[in-house]
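Asker: when you get a sec, could you give me coordinates for this:
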Amino acid sequence: MSSIWILGGGSIAQALAQHAQAQGQSVHLLSTRPASYADPHANLHTDPYPSPCSAPVLHWHRIEHWHEPQWLALLDNLPLPEQIVVTNGLLSNDQIQPEKRLEELNLQSWRLSLQANTEISLQLLAFLAGRMKRQDALQCLILSAKVGSIQDNRLGGWYAYRASKAALNMLIKTASIEWQRRFPLCSLGAYHPGTTDSALSRPFQSRVPDQQLKTPEQAALCLAQQLNQLTPENSGRFWNWDGQELPW
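Answerer: Residues are numbered from 1 along each chain as shown. Have a look, this model is predicted:
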């Protein structure tokens, strides 16, 4: 049975976990949220170091903080999966809001954005480099954002979020080049899921036409399709939710 690691426990992550289970995959989901957030119909296990199962299972691993090594130690006790998806992201919360003007910038929001949008993937990629062997085959897709594209930036604003996603994009692109040399059967890409009805986008949905707002289930299906299409030949690219390639 193939397996997938999903980092994050938001709407897209949970919808993807349900889709993966339906496709017969064993799912390991890491989240700071408790397992009570999981779909009540999921075949849910919360054992931190589970035994292999014959049926598709959602293993929900609750972690305290992403900035501590706890979650990497947990992954180190699991066999490498065939697929990995990173869904973590932060646009706004009770501490930060997207900046419209330079005067609104502050170091706290800058650091929080980098931690949530860039550093988790950085830690994961460094961890994988120490675990993977040349003969391993792995597909890894990391959720980025179209506003992180430098070439596509025509509106300005949202400084911390844009910069953290641009840094993430450079991390992915650079790591993919190293993967080509060291792990030629593996593939790595950045992915923009589009505007999805989730906690991240909800404060900013008022200007989004209904036909452009995807449900988490729709977003997960598009994500899974792109993940399955990742190959060493198209590794190192930035994909839109509709399968089109985006400029870095």
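Asker: going forward, measure contacts between C-alpha atoms and count neighbours the same way
Answerer: OK.
Asker: which helix in this structure runs the most residues?
Answerer: helix 159-182 (DSSP state H).
Asker: so what touches that one?
Answerer: 90-91, 98-100, 102, 105, 109-110, 113-114, 117-118, 121-122, 125, 134, 144-145, 147-150, 186-190, 232, 235-238, 248 (Cα atoms under 8 Å, 6 or more residues apart in numbering).
Asker: SS state for the residue at the greatest distance from the centre of the chain?
Answerer: Distance to the chain centre peaks in the chain at residue 103, reaching 30.4 Å (criterion: Cα atoms, centre = their mean). At residue 103 the chain is in helix, as set by DSSP: H, G, I helix; E, B strand; the rest coil.
Asker: SS state for residue 18?
Answerer: Per three-state DSSP, residue 18 ends up helix.
Asker: count of neighbours near it?
Answerer: Neighbour count of residue 18, defined by other Cα atoms under 10 Å: 22.
Asker: if I look at it, how far off is residue 26?
Answerer: According to Cα to Cα, to the nearest Å, residue 18 stands 10 Å off from residue 26.
Asker: check residue 123 too.
Answerer: 23 Å.
Asker: again, but for residue 121
Answerer: Distance, residue 121 to residue 26, by Cα to Cα: 22 Å.
Asker: do residue 9 as well
Answerer: 16 Å.
Asker: now do residue 182
Answerer: Counting by Cα to Cα, the gap from residue 182 to residue 26 is 27 Å.
Asker: follow-up on the earlier one: show me which of residue 123 and residue 26 is the more surrounded one.
Answerer: residue 26 (24 against 14).
Asker: I'd say the more buried one and residue 6 touch.
Answerer: No: Residue 26 is not in contact with residue 6 according to Cα atoms under 8 Å; the separation is 10.8 Å.
Asker: quick one: the helices in the chain?
Answerer: 11-22, 70-76, 107-114, 120-131, 159-182, 216-228.
Asker: okay, and for this protein, where does confidence drop off?
Answerer: By pLDDT under 70, the low-scoring segments of the chain are 37-55, 199-211.
Asker: thinking again about what came up before, could you measure from the residue farthest from the centre of the chain over to residue 158?
Answerer: From residue 103 to residue 158 the distance is 12 Å (Cα to Cα).
Asker: what do you get for residue 126?
Answerer: For residue 126, the distance to residue 158 - Cα to Cα - is 28 Å.
Asker: more crowded one of those two?
Answerer: Higher neighbour count among residue 126 and residue 158: residue 158, with 19 against 11, using other Cα under 10 Å.
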